[in-house]
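Visitor: quick one, fold the following:
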Amino acid sequence: TITPKAITVVANDVSKTYGDNNPNLTYSLDNNSSLVGEDSLSSLISGSLNTNATTNSNVGSYTVSTSNLSDISSNYDITFNDGTLTITPKAITIYYEGIDKEYDGSSLASVRKGISGVINSDDISISESTYFIDANAGENKTINISNIVISGEDSLNYEISSNTDTSTTATITPKAITVVANDVSKTYGDNNPNLTYEITSGNLVGEDSLSGSLSTNATTNSNVGTYTIISSLSNSNYDITYTNGTLTITPKAITVVANDVSKTYGDNNPNLTYSLDNNSSLVGEDSLSSLISGSLNTNATTNSNVGSYTVSTSNLSDISSNYDITFNDGTLTITPKAIISQTSLPQQINQVTGIPLEVSQLLNNELISLGTNLLVLDKSNENVTTLALNGKLQPGKYRVTAVNDNSNYSLNLNEVELIITEAIDPSNIIKIQTTLPQTPLGNIEITNNQNSNSSTPSINNANTVIALNNNSSIELINGGIKLPIGLNQIETGDNN
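Guide: Residues are numbered from 1 along each chain as shown. Reported below is the predicted structural model:
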């Protein structure tokens, strides 16, 4: 008996890419089977393989079924084994184009993209990470693309093609800002103030700052006026529009005072000068003479009376734009002229009551010509000058000084004591007869002895009577008489 030969026919495994048509489905002997002679499988089997996979079937494995195959040969006992159709993802190519952006301090990039290879209206989306190589502004900067992910309902049917370029370029443009220098001012001669600015449009990002500085041509000694504040501020990540500022230098306020001066009555006016007051100062090498025109003036003249006169600044003018000058008047003081012809009165004045006090005996002609008078005060400080000048003071002690009502003169005379003694009682008159070699001539005058160096008065006539007070005495000296204090009366004649 010849029995059928057992063989195994297998459906060949095949694959295709998602979206492609199904490949031809074939079968073959497995490796452990063989045919006899010239036999062929096609003569042994009828029917065809089949699969559920279609052109649009998703990626995956599908059975290549042998269910429709039939063994039509009696010589073989055929076993049919199914095969597998594997659908692989379709490769898609992504094309990236970088998008320019304004500097924002970040290296994050944005891109436009195109996708090649997606079938019909499959639901897929592409995401990725895109970063510039750094955050700074620059042209044609590289954008690195990584972490490309396909997502969506049909995402498993696709894979990224190796033809996808994972880099592109774009430009980070500088961020536009407007910087305005703040206007400032200072007083002439002061140091420049701090120069500052504000960003009026746009802003700096994060901790960014501008390098450089603001500057001006103005210095400490620059004249009053306006000076431009310019900028050297920069940052390559910013497109800076700069607005200049202004430094205004204002005049320095100072006060100029006419110097107080003085002179003595009758003298020529002194030079009139001015100076800075204690709270004012000049800048650098500036001098008052270069800032001021005109001169000081006063109404006082050589003959002006003692008093205070204004030293006027009315004729002075401020001729410098760098200073705001306030002018203050001064004072010319005229002091009394000192009378120095006679500096003191006698140390003591002795006088008998009834005898007038003689101004001409105590004050010289210059003092009298200037209107100087005597002032006599009693112990109660009562003015008794009139009584003294009329010889009507009572015995006692008084004070005498010189006074002058003319304020243009000053006296520096001492105050002296005036002693008034009582007059001689007639009953106490002592009569002394002397004989001299002359004939009595009647009334005589007492004179100094011409042959003596002393100041003792002498009598030159005979029969002279001297009237004394109770406390007085006389003394004969070389035929003359020494006059005592308190002499009141001199008589001549034949008296017993």
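
Visitor: just want the phi and psi numbers for residue 157.
Guide: When read as degrees, to the nearest 10, the backbone of residue 157 gives phi -90, psi 0.

Visitor: count of neighbours near it?
Guide: 25 (other Cβ atoms under 10 Å). (C-beta placed from N, C-alpha, C; glycine too.)

Visitor: ok, residues contacting whatever helix or strand residue 6 lives in?
Guide: Using DSSP states H and E, residue 6 maps to strand 5-11. Around strand 5-11, the neighbours that count as contacts under Cβ atoms under 8 Å, 6 or more residues apart in numbering are 25-30, 32-36, 41, 45, 49, 64-66, 69, 75-83.

Visitor: doesn't residue 114 belong to a strand?
Guide: Yes - counting by DSSP: H, G, I helix; E, B strand; the rest coil, residue 114 is located in a strand.

Visitor: what's the distance between the nearest residue to it once chain neighbours are set aside and residue 121?
Guide: Once flanking residues are discounted, residue 114 sits nearest to residue 95: 4.3 Å by Cβ to Cβ, 6 or more residues apart in numbering. For residue 95, the distance to residue 121 (Cβ to Cβ, to the nearest Å) stands at 20 Å.

Visitor: okay, these two: which has more neighbours?
Guide: residue 95 (14 against 6).

Visitor: kindly export whichever helix or strand that one is part of (C-alpha atoms) in PDB.
Guide: For residue 95, the enclosing helix or strand under DSSP H and E is strand 90-99. The C-alpha coordinates for strand 90-99 follow below in PDB (Å, rounded to 0.1, in the frame of the first residue of the first chain):
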ATOM      1  CA  LYS A  90       5.000  54.800   7.500                       C
ATOM      2  CA  ALA A  91       8.000  57.200   7.700                       C
ATOM      3  CA  ILE A  92       7.100  60.800   7.500                       C
ATOM      4  CA  THR A  93       9.500  63.700   6.900                       C
ATOM      5  CA  ILE A  94       9.200  66.900   8.900                       C
ATOM      6  CA  TYR A  95      10.500  70.200   7.500                       C
ATOM      7  CA  TYR A  96      11.300  72.900  10.000                       C
ATOM      8  CA  GLU A  97      11.700  76.600   9.500                       C
ATOM      9  CA  GLY A  98      12.800  78.900  12.400                       C
ATOM     10  CA  ILE A  99      10.700  81.900  13.300                       C
END
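
Visitor: next one: the following helix or strand past that strand to chain centre, how far?
Guide: Of the helices and strands lying after strand 90-99 in sequence (DSSP H and E), the nearest is strand 101-102. Counting by Cα atoms, centre = their mean, to the nearest Å, strand 101-102 is centred 43 Å from the centre of its parent chain.

Visitor: remind me what strand 101-102 packs against, helices and strands.
Guide: Where contact means 3 or more Cβ pairs under 8 Å, 6 or more residues apart in numbering; DSSP states H and E, strand 101-102 is packed against strand 167-173.

Visitor: the strand holding residue 95: partners in the sheet, and parallel or antiparallel?
Guide: strand 110-116 (antiparallel), strand 158-160 (parallel) (DSSP bridges).

Visitor: tell me which residues of the longest one are tucked away?
Guide: I take that to be strand 110-116. 111, 115 (16 or more other Cβ atoms under 10 Å).

Visitor: only alpha carbons, please: show it as PDB.
Guide: Extracted as PDB, the C-alpha positions of strand 110-116 are listed here (Å, rounded to 0.1, in the frame of the first residue of the first chain):
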ATOM      1  CA  SER A 110       9.400  78.900  17.700                       C
ATOM      2  CA  VAL A 111       9.300  77.100  14.300                       C
ATOM      3  CA  ARG A 112       7.000  76.500  11.400                       C
ATOM      4  CA  LYS A 113       6.800  72.900  10.200                       C
ATOM      5  CA  GLY A 114       5.700  70.900   7.200                       C
ATOM      6  CA  ILE A 115       5.000  67.200   7.200                       C
ATOM      7  CA  SER A 116       5.400  64.900   4.200                       C
END
